[in-house]
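next input, structure requested:
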Amino acid sequence: MEAAGVSGTILQVQILTTLMKTPDNKEIIVPNSQIMGSIITNFSANDARRVDMLIGVRYGDDLDKVRRTVQELVDADDRILKDPACLIAVTELADSSVNFAIRPWVKTDEYWAVKFELTEAIKKRFDRDDISFPFPQQDVHLYNQN
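Numbers count the residues shown, from 1 in each chain. As a prediction, the model looks like this:
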């Protein structure tokens, strides 16, 4: 849950406060007045969640190859749900990269494992298949004024 600027698991709701445990195992006491006056996000309310990833590739890379490569990785991971289907789409022509949105659906309790492991799998596979992750670049032009 996320409320009043705090994310964590609710341990106990009392009359004036709510006790939460953060993902790094801290206990936080949040006044209920702050929770009731803020937006509440419940990350575990549904059985499935969408993992939102943004991956940038070089302008010179074959976009169809990138899409096929990511789709193969998604198809190979049994934790990624088939329905709804994973979206793999170009979302932006950025300054230094062509950005892909990769949005697989997973069981809620497998969200972080899939996000971390798919990110690593993409990096390793792109390295193997010569697909590049660009870095910001600037061209500097020097002119001789003689």
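
isn't Lys65 right next to Asp129, touching?
Yes: applying CB atoms under 8 Å, one finds Lys65 in contact with Asp129, separated by 7.3 Å. Placement of C-beta: from N, CA and C, glycine included.

give the contact list for the closest residue to Arg67 other than its chain neighbours.
Spatial nearest neighbour of Arg67, chain neighbours left out: Ile88 (5.4 Å); criterion: CB to CB, 6 or more residues apart in numbering. For Ile88, the contact set (CB atoms under 8 Å, 6 or more residues apart in numbering) comprises Arg67, Val70, Gln71, Val74, Phe100, Ala101, Ile102, Arg103.

can you tell me the SS state at Ile88?
strand (DSSP: H, G, I helix; E, B strand; the rest coil).

okay, and the beta partners of it?
When bridges are called by DSSP bridges, Ile88 pairs up with Ile102.

Provide the partner residues of Gly56 in its beta bridges.
Asn99.

residue contacts, it?
Neighbouring residues of Gly56 by CB under 8 Å, 6+ apart: Ala94, Ser96, Ser97, Val98, Asn99, Phe100, Phe133, Pro134.

which positions within the helix ranked longest in the chain qualify as buried?
Across the chain, the longest stretch assigned as helix under DSSP state H is helix 111-128. Neighbour-count burial for helix 111-128 flags Tyr111, Val114, Lys115, Leu118, Ala121, Ile122, Phe126 (criterion: 16 or more other CB atoms under 10 Å).

between strand 98-103 and it, find me the angle.
Interaxial angle of helix 111-128 relative to strand 98-103 (axes from the mean of the first three to the mean of the last three CA atoms, to 10 degrees): 140 degrees.

that's all I had, so thanks and see you.
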